[in-house]
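**Student:** Need a 3D model of the following:
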Amino acid sequence: MTPALRKGRLSYERRKKWIGFSFIVPWLIGCLTFFLRPFLDTLRYSLSNVKILDEGVAVTFAGLKNYAAAFAEDENFLPLFLESMGDTVFQVPVVLLFSLFVGVILNQEFRGRTFFRAVFFMPVIIASGVVISLIRGDGYSDVLLGGGMLFQASSFETLLLKAGMHEELVNAMMMVINNIFELSWKSGVQILIFLAGFKTISPALYEVAKIEGANAWETFWKVTIPLLSPVIIVNLIYTIVDTFSDYLNPMIVYIQDNLSKLNVAYASAMAWIYFLSVLAITAVVMAVVSRKAFSYN
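**Tutor:** Numbers count the residues shown, from 1 in each chain. Next comes the predicted model:
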């Protein structure tokens, strides 16, 4: 390669980097403006005694007192913390497998594929704490709808009971329906990421596998999964963080409850314990899984 071509290539790569950087500049500005200051304030509050006065907020240094209280004095913290961990261990594999399964189906050629892709991604577009509360019948629904759910699942349950179905069977059916609804609600982003990952796999590789006599199952495990492994890591990390930060997560609810009672310092300490735990778990999972995943490549 001549020096001129090498210089042109470097210039092109440099331009691509700057273009990529320009796309994240708005996020960086927003993060520094709206996130960094509160983030650091919670750290300061967690190491302090905080009193809300008429004149403002009085903050005095208290060291690790609030952190010690979470483990030594609060009988609710550790059980809720462990419950959150257990929920995540169960939910993450389920969401990932469901997303991969739906992604494989939606990647096939069939009539109405675009419509079904939109259906699975629609919850992500409209998702918010308010919307979920309205649908589930808690929180804001009492204020906005005068109580009750936007989608009256209870009416459907009553209809089944009046039709003569056994109460235990109806309860089991409603539990399954609710679980499917929540699973679909939490899987939209992951499905979209998997679909994008499928598009990066060259069709020629599938043709080669077919010529070599591989069946669909062998092709999936020996071609699709290895080449999709970086995408699986992205979805794994996203799902872990999303599950830990779910507004219905027991720890999130408990921290918000303490904050609403103006226990600012203690709520901040619990939030930092939770944040550092999630950060450590995510780092360990990423280190272990990425070593295995990238060994395919």
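
**Student:** Off-centre distance for the top helix by length along the chain?
**Tutor:** Taking DSSP state H as the criterion, the chain has its longest helix at helix 3-34. Distance of helix 3-34 from the chain centroid (C-alpha atoms, centre = their mean, to the nearest Å) equals 28 Å.

**Student:** May I ask which helix or strand of the chain has the lowest mean pLDDT?
**Tutor:** When each helix and strand of the chain is scored by mean pLDDT, DSSP states H and E, helix 141-144 comes last, with a mean of 43.

**Student:** Contact partners for the residue nearest the centre of the chain?
**Tutor:** Closest residue to the average C-alpha location of the chain: Asp242 at 1.9 Å, with C-alpha atoms, centre = their mean. Applying C-beta atoms under 8 Å, 6 or more residues apart in numbering, we find Asp242 in contact with 186, 189. From N, CA and C alone the C-beta is placed, and that goes for glycine too.

**Student:** tell me the mean pLDDT for the host helix or strand of it?
**Tutor:** Secondary structure assigned from DSSP states H and E places Asp242 in helix 225-244. The pLDDT scores in helix 225-244 average 87.

**Student:** ok, and what's touching the next helix or strand after that helix?
**Tutor:** Downstream of helix 225-244, the next assigned helix or strand under DSSP H and E is helix 250-260. With C-beta under 8 Å, 6+ apart as the test, helix 250-260 has contacts from 76-77, 80-81, 83-84, 87, 245-247, 266-267, 270-271, 274.

**Student:** pLDDT of helix 250-260, averaged?
**Tutor:** For helix 250-260, mean pLDDT rounds to 89.

**Student:** Of all the residues in that helix, which ones are buried?
**Tutor:** 250-252, 254-255, 258 (16 or more other C-beta atoms under 10 Å).

**Student:** Pick the one among the contacts of helix 250-260 closest to Glu13.
**Tutor:** Ser245 (35.6 Å; C-beta to C-beta).

**Student:** what's the neighbour count on the closest one?
**Tutor:** Using other C-beta atoms under 10 Å, Ser245 has 13 neighbouring residues.

**Student:** Leaving out chain neighbours, which residue sits closest to it?
**Tutor:** Excluding its sequence neighbours, the residue lying closest to Ser245 (C-beta to C-beta, 6 or more residues apart in numbering) is Ile252, at 6.9 Å.

**Student:** cool, and Glu167?
**Tutor:** In space, Glu167 is closest to Leu161, 6.5 Å off (C-beta to C-beta, 6+ apart).

**Student:** what number of residues lie near that neighbour?
**Tutor:** 14.

**Student:** So of the contacts of helix 250-260, which two are at opposite extremes in space?
**Tutor:** Checking these with C-beta to C-beta, the most distant pair is Asp87 and Tyr266, at 22.7 Å.

**Student:** Those two - which one has more neighbours?
**Tutor:** Set side by side, Asp87 and Tyr266 show more neighbours around Tyr266, with 24 against 17, by other C-beta under 10 Å.

**Student:** tell me the angle the helix or strand where that one lies makes with helix 225-244.
**Tutor:** According to DSSP H and E, Tyr266 maps onto helix 264-293. Per axes from the mean of the first three to the mean of the last three C-alpha atoms, to 10 degrees, the angle that helix 264-293 makes with helix 225-244 is 170 degrees.

**Student:** Could you check how far the helix or strand hosting Phe39 is from the centre of its chain?
**Tutor:** Using DSSP H and E, Phe39 falls within helix 36-46. Its chain's C-alpha centre and that of helix 36-46 lie 23 Å apart, by C-alpha atoms, centre = their mean.

**Student:** Can you tell me which helices and strands the helix or strand just after that helix packs against?
**Tutor:** As assigned by DSSP H and E, the chain's next helix or strand after helix 36-46 is strand 48-53. Judged by 3 or more C-beta pairs under 8 Å, 6 or more residues apart in numbering; DSSP states H and E, the packing partners of strand 48-53 are strand 56-61, helix 264-293.

**Student:** Tell me the strands beside strand 48-53, with direction?
**Tutor:** strand 56-61 (antiparallel) (DSSP bridges).

**Student:** How about residues contacting the partner strand?
**Tutor:** 44-45, 47-51, 264.

**Student:** Generate a PyMOL selection restricted to the buried subset of those.
**Tutor:** Command for PyMOL that selects the buried part of those, burial taken from 16+ other C-beta under 10 Å:
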select buried, resi 45+47+48+49+50+264
